[in-house]
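Novice: Sharing a sequence plus its predicted fold:
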Amino acid sequence: MSKGRFRTTVGAGLLVLLAACNQEQSAFAPTGAEAERINVLFWVMTIAGGLILVGVIVLSAVAICGRETLRARLSGERFIRGAGIAFPVVVLSMLLVYGFVILGAGASAPPSDNEMRFAIRGEQWWWRVTYFDADGNSFESANELHVPVGQPVRLELTTADVIHSFWAPRLAGKLDMIPGRINVLTITATEEGISRGQCAEYCGGAHAFMSFHVVAQTPEDFEEWMAKESGPAVKNENERAARGRELFLDAGCGGCHTIRGTAAAGAIGPDLTHVGGRHSLAAATLPNGAAAFADWISNNQHIKPENKMPPYNIFTQSQLEDLALYLESLK
Amino acid sequence: MADVKTAKGHRSERLRRLGSALLVVVGTLSVGGAIFVVSGVYNVAARRDHLSITNWLLTVVRDRSIAAAASGISVPDLVDDNLADLGAEHYRGACAACHGVPGQGPRVVYQNMLPTPPDLISAYEDYNSRELFWIIYNGLKFTGMPAWPGDGRSDEVWTLVAFLDRLRREGADSYTQSERSRVLPMKLEVAGVAIQPLENCVRCHGDAQSPPVSDRVPRLHGQSEAYLTRAIENYSDGIRESGIMEPIALEMSTEETAALARYYASLPSPHIVASEDPKAVVRGRRIATEGLAEGGIPPCSSCHKGDNPQFPRLAGQSATYLRGQLELWRRGLRDRSGYGAIMAVVANRLNDAQIHDVTAFYASQPAELGRESEVPIR
């Protein structure tokens, strides 16, 4: 192998490895107050633990191969008392207290006045997100969490079936969703941007396909988004999408899905009022777009086996396209 | 010592002779058997009865086999005219060709079959209910008795057993008197539908003057053309299993299917008021109109609301029929079509009590609700 080719190979290999450094879902690239604390704690713990480990290895080496005088000092009672008892008690206690303090363990943050309250319910295998505005009005969305930057948001985590775990690594740590309980997680985004999260507790066959996006926006953008998202579906249809809407209503889709502003008011599946505006479909399983909608409608049991939606193979190809175009138009 | 040796020698000599003799016998039998098979000496003519020993052997093998195979079958309540009436009509359309009118024996042509199709007036003299079920469902080798054409449709087979049970209890008159007086809509004959398929429909599903023969039979009156046509197509394509409907659907031409679908779609619904448990109706109404979101059950009305002709109308159907179909879905027998696959998901989320309630609700509803405009007969 020539030198040049060797370099190319190593370079390509490094590129592949770097691909794993995509920060979309990395706890090492925090964009939330809670995740930042976790990140700091991680590095403090890792560095402190690493230093102690190095010290222990050096002392072990001395104890085995060191000079007689050094070994005698190591085995002396004073050293044992100091490094064997006092040092671990002091250091471990400090780290423990530091850990508690930084994570705010034992006391959930008191609800502040400007705190927002959203509810997220894990269902096999997607996330039902309910937004509450300042007046207590609520509306539903799914598989995507929008938060304003700089404002603490109180997430009430529940589950409809089994134990799930809500984890948005760039914003905060994991918190389980336990049947019969409401677990509260407070997050504060510190930076604008889209990140990804996923279910972190095995919850059945399609567990790996239960992800979501978190969209952190400036408070102004967030307000604008809330105003639009809480409203009914936007009628921005061409002729084909209009036919798709008829199909949607005729084929019984409204038995499970809601599209506000139409007769479809089902409560079983995700709210589709603004589904075309989300960053992904099927809980961050598919890219958003007409082709993915068509694929999902007819093929969902292959994409996400045993999900609750029946396979819909009753449409002709052009009907399927109309339906997909309609859903795509629901921005 | 010498004596023992001699005795041993004698024994092995005898064994060797016995072996040779056996070889000769087996060889002769094989060759003889081969000659017998290949020469064509054996007479397979139905004209000639079996030897009595052959008859005895066949009968014992058959009856032991049936008794052994049928021993684990559990028998539902058969004293039910809804079962027996449907069984009788299917008998009239399919079985009577060979077995003849009960009490009168098979017709002349079929008397010349070997074995002769038995007169089923006396079926219970030889077999019990579970054995009769087994025979009708599985058929019998070398007898001309076919297996049931609808895989898994044991529910249909029991209608025939119930019919045979009624023959035993009430005699042949119960069959001959149950023949319904039918008024064939003459316009349809003009429209090109031969009498046979029309008769096949009317026999069980009724017509302008009469309701279906049994609560296990759907009311086609006022059902949408699109749905009726698709049902017949599904039966003839083998997508829907039914030992009763598949053979009938297979014989219908596209034109006949269309004309008959049009005919039934145009019929006014017979005014049948089903008296169902009012509490069940209230619970069922909730499932039908609101669904049970926590159980993943959408409201039935999201599809079956009457404005999409592809979804059948459920109001006014008998609760027994609806329950039977939901049971088929739960048993995986109706999920092969696109529409069936959707319903299968919902049917499997319903428990027995919910099925009872929601079918009671639809049975209690007047069929006229949600009906489209009448389609005139051309």
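Specialist: Sure, I can see it. Numbers count the residues shown, from 1 in each chain, chains lettered A, B, ... in the order given.

Novice: ok, residue A:125 - contacts?
Specialist: A:199, A:203, A:204, A:206, A:207, A:209, A:210, A:283, A:304, A:307 (CB atoms under 8 Å, 6 or more residues apart in numbering or on different chains). For glycine as for every other residue, the C-beta is placed from the backbone atoms N, C-alpha and C.

Novice: Need those residues in TSV (columns: distance to residue B:134).
Specialist: Shown next, in TSV, are those (distance: CB to CB, whole Å):
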residue	distance to residue B:134
A:199	51
A:203	46
A:204	41
A:206	43
A:207	46
A:209	47
A:210	49
A:283	50
A:304	43
A:307	41
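
Novice: So of the residues you listed, which two are at opposite extremes in space?
Specialist: A:199 and A:307 (13.6 Å; CB to CB).

Novice: who has more neighbours, the two?
Specialist: residue A:199 (27 against 23; other CB atoms under 10 Å in any protein chain shown).

Novice: What distance do you get for the nearest residue to that one once chain neighbours are set aside to chain B?
Specialist: Of all residues not flanking residue A:199 in the chain, residue A:210 sits nearest, at 4.0 Å (CB to CB, 6 or more residues apart in numbering or on different chains). Applying CB to the nearest CB, to the nearest Å, the value for residue A:210 to chain B is 17 Å.

Novice: which regions of the stretch 101-250 of chain B sit below the pLDDT cut-off?
Specialist: Residues of the stretch 101-250 of chain B meeting the criterion pLDDT under 70: B:179-192.

Novice: does the residue nearest to residue A:199 really touch residue A:123, like I thought?
Specialist: No: if you go by CB atoms under 8 Å, residue A:210 and residue A:123 don't touch, sitting 9.0 Å apart.

Novice: Quick check: beta-bridge partners of residue A:194?
Specialist: The partner list for residue A:194 in beta bridges (DSSP bridges) reads residue A:215.

Novice: quick one, what contacts it?
Specialist: A:24, A:213, A:214, A:215, A:216, A:279.

Novice: can you count the residues close to residue B:46?
Specialist: For residue B:46, the count of nearby residues is 11 (other CB under 10 Å).

Novice: In three-state terms, how would it be classified?
Specialist: coil (DSSP: H, G, I helix; E, B strand; the rest coil).

Novice: Straight-line length of stretch B:207-226, end to end?
Specialist: 19 Å (CA to CA, to the nearest Å).

Novice: Same check on stretch B:307-314?
Specialist: Using CA to CA, the two ends of stretch B:307-314 sit 12 Å apart.

Novice: biggest helix in the chain, by residue count?
Specialist: If you meant another chain, say so; for now it's chain A. Secondary structure of chain A per DSSP state H: the longest helix is helix A:33-65.

Novice: Not quite, go with chain B.
Specialist: Under DSSP H, chain B gives helix B:2-39 as its longest helix.

Novice: so who does residue A:129 touch?
Specialist: By CB under 8 Å, 6+ apart, the residues touching residue A:129 are A:118, A:119, A:120, A:140, A:141, A:142, A:143, A:144, A:145.

Novice: Please apply the same query to residue B:194.
Specialist: residue B:256.

Novice: Would you mind measuring from it to chain A?
Specialist: 32 Å.

Novice: repeat for residue B:207
Specialist: Distance, residue B:207 to chain A, by CB to the nearest CB: 31 Å.

Novice: from the stretch 101-250 of chain A, which residue is nearest to chain B?
Specialist: residue A:250 (4.6 Å; CB to the nearest CB).
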